[in-house]
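> Provide a 3D model corresponding to the input given below.
(one chain, ligands or ions: 2)
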Amino acid sequence: MQVDGLLYKGQTCKCFANKPCLTNQPSLLYAIKAHYSASEVDMKTMDQKPPSSWPDVSYVPESYVHPLEKRPGKLFFDTCKTIPVVDLEGYHDRTHVVQDVLKATKEYGFFQVINHGVSKKLMDDTMAVFKEFHAMRPEDKASECSKDPNGSCKFYTSSENFSKEEFHYWRDALTHPCHSLEEYMQFWPGKPIRYREVVKEYAVELKKLGEKILNLICEGLGLDTGYFSGGLSGDPVLLVNHYPPCPDPSLTLGLAKHRDPSLITILFQEQNGLQVCKDDEWILVEPVPHAFVINVGYVLQIISNGELNGAEHRAVTNSSVPRTSAAFFIYPSKDNLIEPAKALTNADNPPLYGSMQFKEFQRNYLSYAANAEKVQKFISST
Ligand code: OGA
Ligand code: NI
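Ligands and ions are numbered 1, 2, ... in the order given. All right, here's what the predicted structure looks like:
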């Protein structure tokens, strides 16, 4: 019997390779080590291996095993607690939609939207090309993502800092800018053959949906219509995550807990795996078919002067099916200033955050590896 990923003396480990454990060591970590040395596979290469190895992995390599306190803990949930679902066409009266959106963003920092205007066919086609991309040979994925000498389109395993990580995450990622299409589309993957055609249409539709939602938020906050248009939402970026099935989801994570560095993020997911922290508890974001998950990022937190706050979230893995999710981050243009909106601050409600260019925020966010306390301290002190 296995409890919380721990294997106790004399117990049989069935977590990987379906072989009994060779040792009587007290933890699965030791058991994995024992299997390493007992196996013919070159484990050193395995630990550093690029994504090619996923389909063959029948155990969690040591470098993907997280320290006990960082493991996911509870993986199964009663489904009563989840984030709100907002029907964008659900009322004749727009003010109701604005109220629902504002309530959800204030309470959870997260909500799902249905009747959002993006066609089901386009969503299905897009998810299909994303899955096809991730199913390609690793060499092809890498070469399809190295067309821009400036490295705007990237493919990596775990995080962009693979070689410096203390431990790795169970995911592959493809990312590229979506604006402007004229400038960047030439660097997007050319395979699968339909990638550019389909993803271009998806990027256009998601930009429109982003505007729609930002206008609702704008109205809810009492800002001028169009406040977020232009530079504040000028540089959307797509990130396609792929989480292969994991032999033991209790030992690792697909994505560490974090808040997004965006204005808002629009996520498309079809399988369970996303969890959001609400009142110090992880809750599951159960996929609603053809819905999008919207969440508040740090930039909106700054502009709203803390009225809307991003929530921590993470991705856990599962042992049965691969999971693909696509995050469309609405980012300001690099030189755009981000600061609390003047209309939302006054002598009684002074600005909580200073003013900085988006690129400065982004540089710091990356250097703090998304550590919430450090990012919070940085934005509060500028
Ligand atoms: C992200 C993210 C969640 C998921 O890419 O920032 O939070 O479910 N993804 O993949
Ligand atoms: Ni995120």
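
> how about the residue in the stretch 101-250 of the chain positioned nearest to ligand 1, what does it touch?
Going by Cβ to the nearest ligand atom, ligand 1 is nearest to residue 241 of the stretch 101-250 of the chain, at 4.2 Å. Bear in mind the C-beta positions are built from the backbone N, C-alpha and C, glycine included. The neighbours of residue 241, taking Cβ atoms under 8 Å, 6 or more residues apart in numbering as the test, are 171-173, 254-255, 315, 323-327.

> so when I look at it, I'm seeing a strand, right?
Yes - per DSSP: H, G, I helix; E, B strand; the rest coil, residue 241 lies within a strand segment.

> What's opposite it in the beta bridge?
Assessed by DSSP bridges, residue 241 has beta-bridge partners residue 173, residue 325.

> ok, now how distant is it from residue 357?
Separation of residue 241 from residue 357 (Cβ to Cβ, to the nearest Å): 28 Å.

> can you check residue 349 too?
24 Å.

> the more surrounded of the two?
Between residue 349 and residue 357, counted using other Cβ atoms under 10 Å, the more crowded position is residue 357 (15 against 12).

> Could you tell me how many residues sit around the spatially closest residue to the more buried one that is not a sequence neighbour?
Leaving out its chain neighbours, the residue that sits closest to residue 357 by Cβ to Cβ, 6 or more residues apart in numbering is residue 335, at 5.6 Å. For residue 335, the neighbour count with other Cβ under 10 Å is 11.

> Get me the contact residues on the stretch 201-350 of the chain for ligand 1.
The stretch 201-350 of the chain comes close to ligand 1 at residues 239, 241, 255, 260, 267, 269, 273-274, 313, 315, 325, 327, as judged by Cβ under 6 Å from any ligand atom.

> mind running it again at 5 Å?
By Cβ under 5 Å from any ligand atom, the residues of the stretch 201-350 of the chain that approach ligand 1 are 241, 274, 315, 325, 327.

> now those residues as a markdown table including distance to residue 229?
Listed next are these as a markdown table, based on distance: Cβ to Cβ, whole Å:
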| residue | distance to residue 229 |
| --- | --- |
| 241 | 28 |
| 274 | 28 |
| 315 | 31 |
| 325 | 27 |
| 327 | 21 |
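
> Now do the SS call for the residue most central in space within the chain.
The chain has residue 327 as the residue nearest its centroid, 6.1 Å off, counting by Cα atoms, centre = their mean. Under three-state DSSP, the three-state class of residue 327 is strand.

> so it sits right up against residue 269, yeah?
No - counting by Cβ atoms under 8 Å, residue 327 does not reach residue 269; the two are 9.2 Å apart.

> tell me which element residue 60 is part of?
Residue 60 is part of no helix or strand when elements are defined by DSSP states H and E.

> what does residue 155 give?
If you go by DSSP H and E, residue 155 is part of strand 154-157.

> Touching that strand from outside, list them.
So strand 154-157 is in contact with 50-51, 141-142, 144-145, 160, 162, 168, 171-176, going by Cβ under 8 Å, 6+ apart.

> same question, stretch 97-105
Stretch 97-105 has contacts (Cβ under 8 Å, 6+ apart) with 83-84, 86-88, 90-91, 110-111, 213, 216-217, 219-221, 296, 308.

> where exactly do the helices run in the stretch 151-300 of the chain?
For the stretch 151-300 of the chain, the helices defined by DSSP state H, counting those that start in this stretch cover 181-184, 195-221, 298-303.

> For stretch 347-359, give me every contacting residue.
Contacts with stretch 347-359, where a contact means Cβ under 8 Å, 6+ apart, come from 299, 302, 305-306, 331-340, 345, 379-382.

> Which of the residues in it are classified as buried?
351, 353, 356, 358 (16 or more other Cβ atoms under 10 Å).

> now stretch 152-171
Of all the residues in stretch 152-171, those buried under the rule 16+ other Cβ under 10 Å are 152-153, 155-159, 167-171.

> Let me know the closest of those residues to residue 200.
Nearest to residue 200 among the buried residues of stretch 152-171: residue 153, at 13.9 Å, using Cβ to Cβ.
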